[in-house]
Every structure is written in structure tokens, then in C-alpha cells.
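3D, please:
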Amino acid sequence: MTEDTDAPLLSPLTADQWGDDEYDALGALMGIPGDQVPRAGSGHPRDPLNFDIIGVLAQHPKMARVFLSYNAFLLQRGELPVRLRELAVLRLAHACRSAFFWGEHVRVATAGGLPEEDIARVARSNDEFDGLDRLVLEATDQMLADGQVDAPTWHRLVDEIGTHQAMELIFVVGTYAMLATACATWRLAPPPGSAELP
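I've put the predicted structure just below:
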């Protein structure tokens, strides 16, 4: 018997597998108590079954609660503007060939105001960007290639966006590189209708 090389190695929880610990973990991302999280299978826009990555992370609810609380800061309370954050995540998704994160973050970037043409350009070349956009993309490329940002680029980031935002950029790229690795390992497919990875 041959192994199905496309079959997920870890699947999202089903509706009947969600319990108090899992709802508490998702509540950490949403900033609400677990008992206020919409129930799995409810059909609510924030129904946990709508978010495969959450359903997979909730397989380990204690870890998920801590991680999602941290990730909520990057996504909702951080100082790095949505545009810069999403340019970095999209570049990472394209470079890592993460169809899941490309699809997810095209949706997030579009909702955050990034024009479709800017999203398409991320997959092509830094030459089509200038200013701060290009600096963020170059810093992202350095982290992906070398595991770090070089000193001149770091100083440029701090001069342009300040220490807090520069630090957040490092954590955004590192965090989403880790998630892209996890999703690739678990063979998590993008939801139907997601933007295709160019």
C-alpha cells in the first residue's frame, strides 16, 4: 500500500472535539473569554471551523493558548502597520512556497487595504517597490536567506520606523516562517477559494 503524499498529517478539530480548553485557546486570539467564543459548527463568521490553522493548533490547546495570545499582539495590538506586516508575510509565503499562508494573507492584506497590484508585485521583484516597502521586503529576504538582518539594514529600519516596529518585523517574519514550516509539515491545504500561490 502506498502512502498518500498529499494527505494531511494533522487535521483540524471537528465540531465535537472542541471543548473548554480549545475555546479558551481561541479566546486568547480573539481577546475574549473562551465561553464567549462562537461554538464550533454554529455557522457564525468566527466559527472555529472556518479557520483550519486554528483547528490544527487547538490539537494542543495549552500551547495554542499561549501562542495565540502572543500572535494576537502581532496581529491586533502591535505598532507595525498592517501594510508593512502583510508585505513581509506575503513575501515569506511566496519564498517558502506556502500556498496556505499565501491564500490566508492575501485575504488579510486585502482586508487591510493593500491593492491587488501590490500583492501581485510581492511575488515578482523588489525592484517594483521603493522607500519603506522595499526596505521591509529586503529585510525579510535577508532573514529568510541568512537567518538575520544585517547591521546596515537594521539601522535603516530603526531610522525609518523606530525600534519597536523594527523589532516587531523581526518577530513577524520569524513567527510566520515557523508557522509556514508547521503547516507544510502537516500538509495543511489552503481553504477552497483561496488566492493561488503564484
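
phi first, then psi, for Thr140.
phi -60, psi -50 (degrees, to the nearest 10).

which residues touch it?
Neighbour list for Thr140: 87-88, 91-92, 169, 173 [criterion: C-beta atoms under 8 Å, 6 or more residues apart in numbering]. C-beta here means a position set from N, CA and C on the backbone, and glycine is covered the same way.

can I get the buried part of these as one ChimeraX selection?
Command for ChimeraX, covering only those of the contacts of Thr140 found buried under the criterion 16 or more other C-beta atoms under 10 Å:
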select :87,88,91,92,169,173
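
any chance of the contacts of Thr140 in a markdown table with secondary structure as columns?
Formatted as a markdown table, these follow (DSSP: H, G, I helix; E, B strand; the rest coil):
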| residue | secondary structure |
| --- | --- |
| Leu87 | helix |
| Ala88 | helix |
| Arg91 | helix |
| Leu92 | helix |
| Leu169 | helix |
| Val173 | helix |
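
and the contacts of Thr140, which is closest to Gly147?
Val173 (10.4 Å; C-beta to C-beta).

so for Thr2, what's the pLDDT?
pLDDT, the model's per-residue confidence, is 54 for Thr2.

residues in contact with the spatially most central residue of the chain?
In the chain, the residue lying closest to the centroid (C-alpha atoms, centre = their mean) is Tyr176, at 5.1 Å. For Tyr176, the contact set (C-beta under 8 Å, 6+ apart) comprises 88-89, 92-93, 101.

secondary structure element for Ile53, which one?
helix 52-57 (DSSP states H and E).

which strands and helices sit next to that helix?
Contacting helix 52-57 under the criterion 3 or more C-beta pairs under 8 Å, 6 or more residues apart in numbering; DSSP states H and E are the following elements: helix 20-30, helix 61-72, helix 99-111, helix 151-186.

one more time with 7 Å
helix 61-72 (3 or more C-beta pairs under 7 Å, 6 or more residues apart in numbering; DSSP states H and E).

neighbours around the nearest residue to Ala58 once chain neighbours are set aside, how many?
Among residues not flanking Ala58 along the chain, Glu22 sits closest, at 4.4 Å (C-beta to C-beta, 6 or more residues apart in numbering). Around Glu22 there are 24 other residues, counting by other C-beta atoms under 10 Å.

wait, Ala177 touches Leu92, no?
Yes. Assessed by C-beta atoms under 7 Å, Ala177 is found in contact with Leu92 at 5.9 Å.

any stretches of the chain with poor pLDDT?
In the predicted model, the chain carries pLDDT under 70 at residues 1-5.

swap in 80 and give it another go.
1-6 (pLDDT under 80).

how is it partitioned into domains?
By the assignment in the TED database, the chain contains the domains 20-76, 81-186.

now do the same end-to-end measure for the shortest one.
Across its full length, domain 20-76 reaches 24 Å between end residues, using C-alpha to C-alpha, to the nearest Å.
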